[in-house]
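Peer 1: Sequence first, then the predicted structure:
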Amino acid sequence: MFNSKDILETIQMIDRQHLDIRTVTMGISLRDCADSDMQKSCRKIYDKITRCAESLVKVVDGIQMEYGIPIVNKRIAVTPMALVAEASQTEDYVPFAKAMDDAASACGVDFIGGYTALVQKGCTHGDRKLIASLPEALAETELVCASVNVASTRAGINMDAVADMGSAVKKIAERTESAGCSGCARFVVFANAVDDNPFMAGAFHGVGEPECVINVGVSGPGVVHHALQGIKGAPFDVVAETVKKTAFRITRMGQLVAQQASQRLNVPFGIVDLSLAPTPAVGDSVARILEEMGLEVCGTHGTTAALALLNDAVKKGGVMASSHVGGLSGAFIPVSEDEGMIHAAMQGVLSLDKLEAMTCVCSVGLDMIAVPGDTPAETIAAIIADEAAIGVVNNKTTAVRIIPAVGKKFGDTVEFGGLLGTAPVIAVHPWSSAEFIARGGRIPAPLHSLKN
Amino acid sequence: MNAVVTVAGRDRIGIIGGVCTRLAELGINILDIRQTVMQEYFTMMMIVDLSGAKSSYEEISCALGQYGEAGGLSIRIQRTDIFDAMHQV
């Protein structure tokens, strides 16, 4: 019953290998908050969020204390705001973002996601208003995270929306320049966005979700790295087995926390997101795991294969440890938030092209990447289009969270601080994509037979 | 409810006696103890039963933490479920 080796191992994982629960995210439906009067709608939004999430932070802090597991973030995800705001007769959606921000602040959570529009096939009037309000909404709030889904495997890619996203990203960077362009860190463009993602900036409470739900995102790159340090030189079969076993343990902890949070808050348990989410701390890096497999620097030849193995083994190990798995599940590769990725990008080994290749085999996509401030909106739109194409054709979620760092050029760095870290400015190709983006329209959904 | 208490720090006379007395004062029953000293470093693990405890879990956790700090020890208490979840299928 009492195995001191197991107890010590768990304590070492927490103390020395940065094992933590990355987030407990409460999803809240705001579908009943629509109102033709914008102020009434904002009041309903504030009241519902603060009512549902009133004790979220207190309960999660209690679980952290009882189990001795750090739970880094408490977050809220709400129904895509374009759906809720659309009933209101107003041109300006910023008050909705402010209502979310005020509610999040009153609940004491770290972030609130769901300032979102789903436009993979086309925009409604509400979607257009929300997209137009993005720069102002992100500049005027601190805790609000925004996302737009521009493509899906069933609908194809909405290239008009992609073009709008290029300009939106540029404007957000300009509006939040004094804060290190940090508005861009709270904005993500998706293909195949998922309804139950607990991670920011892309969390929202999908339309098929229940009234209120608890989703949990685990972490633990440091634990996987440590496990691989014990099997130097072993063949990949052994590497995969080791990652699977480690992921199983990490996920079991996530499942336990999710069940406890669900019981104590009397809110149904949704999913555990099996993710290796890095932080800028030394010893908590996904890049260092790939290097541990035998690569001199992350980004060199072999990186994509190493990441493919890691991503698959994490899912295989985690899936048996939880009753419901969902979200983005896999390894994250946010450049600024990963000490090893920052190092590799500063050495010039990790390029935008290699990162794009890596996103074909990992969860999510081009994440927390700083590019020169003078990068044209069309080039950013084209980067988004490339990433969306990878997601649409491969039937997976992909995303772009990119920061055109105003006034910075290739080789400079941008400091975000905290979990968002430091981003070295990465080079983009100087050749224009403007005429490609100017075409607009939709790229049709891909064929899913005759696979090659 | 059962919990695991872990105590670590530089070895000296009276660590076990002191910690056990503090636990008794808090109304906590010790079910199992394992202890070792490696290179002057003391490590002890106990399984304890909190059903007769006089205080809340939070108060117990704070009391043990403060007692540890005063004596140069790291003392933590964690519910046993976490170890069962992570190490047993």
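Peer 2: Noted; the coordinates are in hand. Residues are numbered from 1 along each chain as shown, chains lettered A, B, ... in the order given.

Peer 1: Check the closest residue to residue A:225 other than its chain neighbours and give its pLDDT.
Peer 2: Spatial nearest neighbour of residue A:225, excluding adjacent residues (CB to CB, 6 or more residues apart in numbering or on different chains): residue A:289 at 4.9 Å. Just so you know, the C-beta spots here come from the backbone N, C-alpha and C atoms, and that holds for glycine as well. Per-residue confidence at residue A:289 stands at 96 (pLDDT).

Peer 1: Equivalent analysis for residue A:1, please.
Peer 2: 58.

Peer 1: what does chain B put close to chain A?
Peer 2: Residues of chain B lying close to chain A by CB under 8 Å from any CB of the partner chain are B:4, B:6, B:32, B:34, B:43, B:45, B:47, B:57-58, B:61, B:76-79, B:81-83, B:85-87.

Peer 1: which SS state does residue A:283 fall under?
Peer 2: Classification of residue A:283 using DSSP: H, G, I helix; E, B strand; the rest coil returns coil.

Peer 1: That one and residue A:412: what is the separation?
Peer 2: 26 Å (CB to CB, to the nearest Å).

Peer 1: about what we covered before: what helix or strand does the residue nearest to residue A:225 sit in?
Peer 2: Element membership for residue A:289, per DSSP states H and E: helix A:286-292.

Peer 1: show me where the stretch 201-350 of chain A has strands.
Peer 2: Ranges of strands in the stretch 201-350 of chain A, per DSSP state E, counting those that start in this stretch, are A:212-218, A:269-273, A:275-276, A:330-331.

Peer 1: same check, this time on chain B
Peer 2: Secondary structure of chain B (DSSP state E): strands at B:2-10, B:29-38, B:41-49, B:73-79.

Peer 1: quick one: strands adjacent to the third one?
Peer 2: The reference is to strand B:41-49. Here strand B:41-49 is paired, per DSSP bridges, with strand B:2-10 (antiparallel), strand B:29-38 (antiparallel).

Peer 1: now those strands in JSON lines, with mean neighbour count and mean pLDDT?
Peer 2: Below are the strands paired with strand B:41-49 laid out as JSON lines (neighbours: other CB atoms under 10 Å in any protein chain shown; pLDDT from 0 to 100):
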{"stretch": "strand B:2-10", "mean neighbour count": "19", "mean pLDDT": "93"}
{"stretch": "strand B:29-38", "mean neighbour count": "13", "mean pLDDT": "91"}
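
Peer 1: Quick one: buried ones out of the residues of chain B next to chain A?
Peer 2: B:4, B:6, B:43, B:45, B:47, B:57, B:61, B:76-79, B:81-83, B:85-86 (16 or more other CB atoms under 10 Å in any protein chain shown).

Peer 1: on that earlier part again, take the strands paired with strand B:41-49 and lay them out in TSV including distance to residue A:211.
Peer 2: TSV is the format used below for these (distance: least, CB to CB, whole Å):
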stretch	distance to residue A:211
strand B:2-10	34
strand B:29-38	42
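
Peer 1: Figure out which of these is closest to residue A:406.
Peer 2: strand B:2-10 (49.2 Å; CB to CB).

Peer 1: pLDDT on the top helix by length along chain A, on average?
Peer 2: Using DSSP state H to define each element, chain A has its longest helix at helix A:236-265. Helix A:236-265 comes out with an average pLDDT of 95.

Peer 1: buried sites along it?
Peer 2: A:239-240, A:242-244, A:246-262, A:265.

Peer 1: restrict those to contacts with chain B.
Peer 2: With CB under 8 Å from any CB as the criterion, those include A:249, A:252, A:253, A:255, A:256 near chain B.

Peer 1: Return the helix or strand in chain B with minimum mean pLDDT.
Peer 2: Least confident element among the helices and strands of chain B, by mean pLDDT, DSSP states H and E: helix B:81-87 (a mean of 89).

Peer 1: Tell me the gap between it and the middle of its chain.
Peer 2: Put simply, helix B:81-87 sits 17 Å off its chain's centre (CA atoms, centre = their mean, to the nearest Å).

Peer 1: Find the nearest non-adjacent residue to residue B:2, please.
Peer 2: Sequence neighbours aside, residue B:80 is the residue nearest to residue B:2 in space, at 4.7 Å (criterion: CB to CB, 6+ apart).

Peer 1: who's in contact with residue A:94?
Peer 2: A:133, A:136, A:137, A:140 (CB atoms under 8 Å, 6 or more residues apart in numbering or on different chains).

Peer 1: could you dump those to a markdown table with pLDDT, secondary structure and distance to chain B?
Peer 2: Putting the contacts of residue A:94 into a markdown table (pLDDT from 0 to 100; DSSP: H, G, I helix; E, B strand; the rest coil; distance: CB to the nearest CB, whole Å) gives the following:
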| residue | pLDDT | secondary structure | distance to chain B |
| --- | --- | --- | --- |
| A:133 | 97 | helix | 43 |
| A:136 | 97 | helix | 43 |
| A:137 | 97 | helix | 39 |
| A:140 | 96 | helix | 38 |
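
Peer 1: so where's chain A shaky on pLDDT?
Peer 2: By pLDDT under 70, the low-scoring segments of chain A are A:1-2, A:452.

Peer 1: average model confidence for the top helix by length along chain B?
Peer 2: Criterion DSSP H: the longest helix present in chain B is helix B:57-70. Mean pLDDT, helix B:57-70: 94.

Peer 1: Just list what it packs against, helices and strands only.
Peer 2: helix A:56-67, strand B:2-10, helix B:15-25, strand B:73-79 (3 or more CB pairs under 8 Å, 6 or more residues apart in numbering or on different chains; DSSP states H and E).
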